[in-house]
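Trainee: What would the 3D arrangement of this be:
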Amino acid sequence: MKFFITGSDTDVGKSFVTASLLRAFLEQGAKAVALKPVQTGYAENSRIPKAKSRIPNENSRIPNENSRIPSQSLEPDFKEYIKAGQNADFKATCYTFAYPASPHFSAELEGKKIKARGILDFIEQNLAQITLIEGAGGILVPLNEKESFLDIAKELNAPVILVCKNCLGAINHALLNLEILRQNSIKLAALILNFHDENDAICLSNQQFLQKKFPCPIITLKNYKNNENYSNSAKDFRAFISKFLDEK
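Mentor: Below is the predicted model of the structure:
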């Protein structure tokens, strides 16, 4: 069984959700893996490789080989999977780029190009009983001039888990993504409302409104203080994952 995890925006908690799901499946004895096919903002050293390709506007303020990537971006998302229990030697990604930006731009800075076929082949080679595939940013984030993560999701034919930050604006973001998935006949497995606060009127209003619009389970996640190995947040997914384990 495959799941594609995407977000309504950047920094909404896709990696948190992916790692939590991974932990939940592993705790139930499933053979599960998490993949992050494209990782930007990560390099073995913190310097940006010299760009080999021509940037369209040569006068633009762009990073160069003497620039340093932001320190908060040095810890890659896929390392969260290790904290959740994934083997540290498992290769969870096939494309990595130093500059933390949209994949197509980060690749261009290094004179490289991402191909959807390469991502799909990587996923196919690493399939398990449960395979969690985390995208970068949102469903329409470009991989190159012609392909985006939407192409990956369509080709995988896997149900999507959509992660939204539960705050002002979440309704619009969630409904826009729902419409894109519907137009492309992509099944939605769950909507995750992350950073949920039961004492916040907007959070509660978002949840109530979206429950009437979404044809899938809606799971709310709070901020956990003691969740180093994702064992606490994994509990929120036990009911959700049970039906998929029953199918095995």
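
Trainee: going forward, measure contacts between C-alpha atoms and count neighbours the same way
Mentor: Will do.

Trainee: what secondary structure does Leu132 sit in?
Mentor: Secondary structure state of Leu132, per DSSP: H, G, I helix; E, B strand; the rest coil, is strand.

Trainee: Model confidence score at it, please.
Mentor: We have a pLDDT of 98 for Leu132.

Trainee: my guess is it meets Ala34, correct?
Mentor: Yes: counting by CA atoms under 8 Å, Leu132 does reach Ala34; the two are 4.6 Å apart.

Trainee: Looking at those two, which one has more neighbours?
Mentor: Higher neighbour count among Leu132 and Ala34: Ala34, with 32 against 25, using other CA atoms under 10 Å.

Trainee: What number of neighbouring residues does the closest residue to Glu198 other than its chain neighbours come out with?
Mentor: Closest residue in space to Glu198, ignoring its immediate chain neighbours: Leu204 at 6.6 Å, by CA to CA, 6 or more residues apart in numbering. With neighbours defined by other CA under 10 Å, the count for Leu204 comes to 15.

Trainee: do the same with Pro217
Mentor: Each residue near Pro217 was counted by other CA under 10 Å, and the total is 14.

Trainee: So for Arg23, what's the nearest residue that isn't a sequence neighbour?
Mentor: Leaving aside its chain neighbours, Arg23 sits nearest to Ala84 (5.2 Å; criterion: CA to CA, 6+ apart).

Trainee: residues contacting that neighbour?
Mentor: The contact partners of Ala84, by CA atoms under 8 Å, 6 or more residues apart in numbering, come to Ala19, Ser20, Leu22, Arg23, Asn229, Tyr230, Ser231.

Trainee: Give me the phi and psi for it.
Mentor: Main-chain torsions, Ala84, degrees, to the nearest 10: phi -80, psi -10.

Trainee: Could you check how far it is from Asn194?
Mentor: Distance, Ala84 to Asn194, by CA to CA, to the nearest Å: 18 Å.

Trainee: now swap in Ala153 and tell me
Mentor: Taking CA to CA as the measure, Ala153 falls 22 Å from Asn194.

Trainee: got it, and Lys113?
Mentor: To Asn194, Lys113 is 32 Å away according to CA to CA.
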